[in-house]
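*Asks:* Predicted model, plus sequence, below.
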Amino acid sequence: FDWNSVSFRSRYADMLHDKDRNVKYYQGIRAAVSRVKERGEKAIVLDIGTGTGLLSMMAASAGADFCYAVEVFKPMANAAVKIVEKNGFSDKIKVINKHSTEVTVGPDGDMQCRANILVTELFDTELIGEGALPTYEHAHKHLVQEGCEAVPHRATVYVQLVESKRMWSWNKLFPVSVEAEDGEKIIVSPSEMENCPGVPSVCDIQLNQMPSSDFTILSDVVTMFSVDFSKPVRSASTCYSVQLETVKPGKAQIVLSWWDIDMDPSGKINCTMAPYWVKPTSALQWRDHWMQCVYFLPNEEPVFQGEKVYLTAYRDEYSVWYKLQKAREKENKADVHVESPVCRCQAHLLWNRSRFGELNDQNRTCQYIKSLMKVLKTDSVCLCISDGSLLPVLAHYIGAKQFLKANHLEDKIKILEARPESLTSSHLEDKKISVLLGEPFFTTSLLPWHNLYFWYARTAVTMHLASDVTVLPQSASLHMMIVEFQDLWRIRSPCGTCEGFDVRTMDDMIKNSLNFRESKEAEPHPLWEYPCKSLSDPQEVLTFDFRRTVPQHCLSAEGSLNLLRKGKSHGAVLWMEYHLTADTSVNTGLTQISNDKGNCEWNPHCKQAVYFFSTVIDSEIQTDFPSAVTYAINFNPKTGEITMDFKL
Ligand code: SAH
């Protein structure tokens, strides 16, 4: 855990804002405490991963006699001590700064005796990815009594089989067709890639932002497996199999999955991650710390309507993966040794899901093809600088056509394992580069402008460029817009009190860590998952001319953005547009403002930069609201970073 990591801070704030979760935990904890009390026992609580101490404070308020609050992360444990004290629970709650597996029980131990109530919130979107299973397994063996009450009582994982070209494009490379002068050429991926099982890392997304037109449901929702947390838990690898009857013909490609937790044994207090088509939208609680999972089947499988198929979930201690079979395989649950998927083709290690999606985006490819056709000549010598790019292959098919028949592709494309600054003439066989290409894309880029690395690389190879070199893209521009978020603002807004408990210490910690970083930084978010509306027109704020070398001096701009719509100015969004040639560009940000309410549509493959304002101006409430936001933005060529300042 890194306290300064954006995702970590956001997760905590987001959990505390998750009203549905908090209310249900409180109900479940109250019910568990009363069940224990009814049996005439003292209620001794073990809260593993206490964070702010919230769930322990709930338990203490519900009448628990004593709570052991275990937290491995030191800054969090310190915060928990302060919060517990501030809320007056110091005599009822003992914060233990340890990993739960290090906790000792006994007269001289961390805990005087074993607990009879086990409370945790150790779940991620995949349920088990944060190590809930081994933690429970250990706790049942060493830290809690037999027959203890657990909140949550049980978790259940649900699945639904779907076909989705959009989601499938995140995992396989589709054939690319290139309209060359001598006919259509199809670029296909090698067979290792076709048959590669991919990587086991979970693909978690805000499935509620996936329009129903982007997938076809092939089966009903079924229960895949559940875990009873009040009984001993086994974390060892295992598998679960269910029979499905398809409700439509199609290609089985994707397993969508989510879970719910029952806070009590009766199942009356249920907290679910089910997406919009499974439960009424009025019941949807927005949250970012728990989303939904997309699993890619190893291969797509055609199915007819009413066909019976078998879906198997395999899991190890921390992750889950799926397989679909037409006939039931005799599997011995006791010794499953099905290996988790391992990428054999390398592509899944090089390209993440959104990168696959980007490479499969036909419209985008068309822009590159169109501009390559304009700039390439048969004798062009091209140098492409980008990570895992298909541009060289496209360039080859379009440009050097007459060589194609005589030679294999590998003779025409040379992969140079050199950094741009250490490129020598011999790498280039003493040729000068006539066309310098980049998407640009680099796997290490987090924020949109990090791909300006292309500009630095271009500067480093200047001596190898022909005097009339064409650089594609010829330039980039940075665009900015003021927005109101539907939900994303929560991850940055202070919590104050949570279910009546004062958690301002946590708010202060987050604020201090932001101030420490001067809070002048933007953070990356894939905005197609986070609805927002535009309050200003988009504006171009900086341009970067790749035809020239990186300048010595800073590039800066000042100006203002007029607020055209009423709403809460939560922040500014920034994105890059790459101008491949004078009249062709690729946009990585705003694609459209879809209606007069200002709803935005974003490039679905890219993350945009979000700069949250420290104070939010609500023009609906304030009558003297400013009509514009002024900005000062600066690109420092020494660091490659962009800093900004706003006045509302
Ligand atoms: N219980 C809090 C926080 C949940 S976040 C709430 O519901 O608001 C989970 C926390 O558990 C994190 O702070 C993490 O550091 C901690 N954690 C995870 N596994 C743990 C373990 N086995 N032992 C101790 N702490 C753990």
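*Replies:* Arrived safely.
*Asks:* residue ranges of the helices in the stretch 201-350 of the chain, please?
*Replies:* Along the stretch 201-350 of the chain, counting by DSSP state H, counting those that start in this stretch, helices occupy 347-350.
*Asks:* Distance-wise, check the closest residue to the ligand within the stretch 201-350 of the chain relative to residue 16.
*Replies:* Nearest to the ligand, among the residues of the stretch 201-350 of the chain, is residue 289, at 8.3 Å (C-beta to the nearest ligand atom). From N, CA and C alone the C-beta is placed, and that goes for glycine too. Between residue 289 and residue 16 the computed distance is 10 Å (C-beta to C-beta, to the nearest Å).
*Asks:* How about residue 418?
*Replies:* Counting by C-beta to C-beta, the gap from residue 418 to residue 16 is 49 Å.
*Asks:* Which residue of the two possesses the greater neighbour count?
*Replies:* Remark: of residue 418 and residue 16, residue 16 carries more neighbours, 25 against 10, as counted by other C-beta atoms under 10 Å.
*Asks:* which SS state does that one fall under?
*Replies:* Residue 16 falls in the helix class when you classify it by DSSP: H, G, I helix; E, B strand; the rest coil.
*Asks:* which SSE is residue 67 in?
*Replies:* Using DSSP states H and E, residue 67 maps to strand 66-70.
*Asks:* contacting residues around that strand?
*Replies:* Applying C-beta atoms under 8 Å, 6 or more residues apart in numbering, the contact partners of strand 66-70 are 42-50, 53, 56, 59-60, 80, 84, 92-96, 98-100, 103, 110-111, 115.
*Asks:* Direction included, what does it pair up with?
*Replies:* Paired strands of strand 66-70, with direction, are strand 44-48 (parallel), strand 93-96 (parallel) (DSSP bridges).
*Asks:* show me where the stretch 351-500 of the chain has strands.
*Replies:* When assigned using DSSP state E, counting those that start in this stretch, the strands of the stretch 351-500 of the chain occupy the ranges 382-384, 433-437, 465-472, 475-485, 497-498.
*Asks:* between those, which one is nearest to the ligand?
*Replies:* The ligand lies closest to strand 497-498 among the strands of the stretch 351-500 of the chain, at 8.1 Å (C-beta to the nearest ligand atom).
*Asks:* near the ligand at all, the helix or strand following that closest one?
*Replies:* If you walk from strand 497-498 toward the C-terminus, the next helix or strand you reach (DSSP H and E) is strand 501-502. No - looking at strand 501-502 against the ligand by C-beta under 6 Å from any ligand atom, there are no contacts, and the closest approach is 10.2 Å.
*Asks:* so for strand 501-502, what's the average pLDDT?
*Replies:* For strand 501-502, mean pLDDT rounds to 98.
*Asks:* Redo the strands paired with strand 66-70 as a markdown table? Include mean pLDDT, distance to the ligand and mean neighbour count.
*Replies:* Written out in a markdown table, the entries for those read as follows (pLDDT from 0 to 100; distance: least, C-beta to the nearest ligand atom, whole Å; neighbours: other C-beta atoms under 10 Å):
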| stretch | mean pLDDT | distance to the ligand | mean neighbour count |
| --- | --- | --- | --- |
| strand 44-48 | 98 | 5 | 29 |
| strand 93-96 | 98 | 8 | 22 |
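*Asks:* can you list those strands in CSV and add distance to residue 191?
*Replies:* Below are these laid out as CSV (distance: least, C-beta to C-beta, whole Å):
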stretch, distance to residue 191
strand 44-48, 47
strand 93-96, 54
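*Asks:* Now do the contacts for residue 376.
*Replies:* For residue 376, the set of contacting residues under the criterion of C-beta under 8 Å, 6+ apart consists of 382, 395, 398, 399, 435.
*Asks:* residues in contact with the one residue in the stretch 501-648 of the chain that gets nearest to the ligand?
*Replies:* Distances from the stretch 501-648 of the chain to the ligand, computed as C-beta to the nearest ligand atom, single out residue 503 as the nearest residue at 9.0 Å. With contacts defined as C-beta under 8 Å, 6+ apart, the neighbours of residue 503 are 16, 52, 54, 83, 495, 496, 497.
*Asks:* For the stretch 401-550 of the chain, which segments count as helices?
*Replies:* Remark: helices assigned in the stretch 401-550 of the chain by DSSP H, counting those that start in this stretch are 409-412, 453-460, 504-516.
*Asks:* what does stretch 440-450 contact?
*Replies:* Residues from elsewhere that reach stretch 440-450, judged by C-beta under 8 Å, 6+ apart: 350, 352, 355, 358, 385-389, 451-454, 473, 478, 522-524, 574-576, 578, 588-589, 606-609, 635, 640-642.
*Asks:* do stretch 588-601 as well
*Replies:* Surrounding stretch 588-601, the residues in contact under the criterion C-beta under 8 Å, 6+ apart are 448, 479, 481, 483, 527-528, 531-535, 538, 565, 567, 573-578, 602-603, 606, 608.
*Asks:* Look up the pLDDT of the nearest residue to residue 354 once chain neighbours are set aside for me, please.
*Replies:* With C-beta to C-beta, 6 or more residues apart in numbering as the criterion, residue 354 has its nearest non-adjacent residue at 4.9 Å, and that residue is residue 605. Confidence at residue 605, expressed as pLDDT, is 98.
*Asks:* And for residue 605, the neighbour number?
*Replies:* Residues within reach of residue 605, counting by other C-beta under 10 Å, total 20.
*Asks:* That one: helix or strand, and which one exactly?
*Replies:* Residue 605 is part of no helix or strand when elements are defined by DSSP H and E.
*Asks:* Phi, psi for it please.
*Replies:* The phi and psi torsions at residue 605 (degrees, to the nearest 10) take the values phi -110, psi -10.
*Asks:* for the stretch 301-450 of the chain, which spans come out with low pLDDT?
*Replies:* Low-confidence regions of the stretch 301-450 of the chain, defined by pLDDT under 70, span residues 329-338, 399-411.
*Asks:* ok, residue 28 touching residue 267?
*Replies:* No - using C-beta atoms under 8 Å, residue 28 and residue 267 do not qualify as a contacting pair, with a distance of 11.1 Å.
*Asks:* Of these two, give the one with the bigger neighbour count.
*Replies:* With other C-beta under 10 Å as the criterion, residue 28 and residue 267 differ in neighbour count, and residue 28 comes out ahead with 27 against 12.
*Asks:* Am I right that the more buried one falls within a strand?
*Replies:* No - assessed by three-state DSSP, residue 28 does not belong to a strand; its assignment is helix.
*Asks:* leaving aside the residues next to it on the chain, what's closest to it?
*Replies:* The spatially closest residue to residue 28, leaving aside those adjacent along the chain, is residue 263, at 2.7 Å (C-beta to C-beta, 6+ apart).
*Asks:* Give me the neighbour count for that neighbour.
*Replies:* Close neighbours of residue 263, defined as other C-beta under 10 Å, add up to 26.
*Asks:* what's the answer for residue 425, then?
*Replies:* One way to gauge burial is a neighbour count; for residue 425, by other C-beta under 10 Å, it gives 11.
*Asks:* Could you shift the numbering so residue one becomes 59, and keep it that way?
*Replies:* Right, with 59 as the first residue, what we last looked at is residue 483.
*Asks:* What residue in the stretch 159-308 of the chain comes nearest to the ligand?
*Replies:* When distances are taken as C-beta to the nearest ligand atom, the stretch 159-308 of the chain reaches nearest to the ligand at residue 179, 3.7 Å away.
*Asks:* Does that residue touch residue 82 like I think?
*Replies:* No - look at residue 179 against residue 82 with C-beta under 8 Å: they stay out of range, at 10.9 Å.
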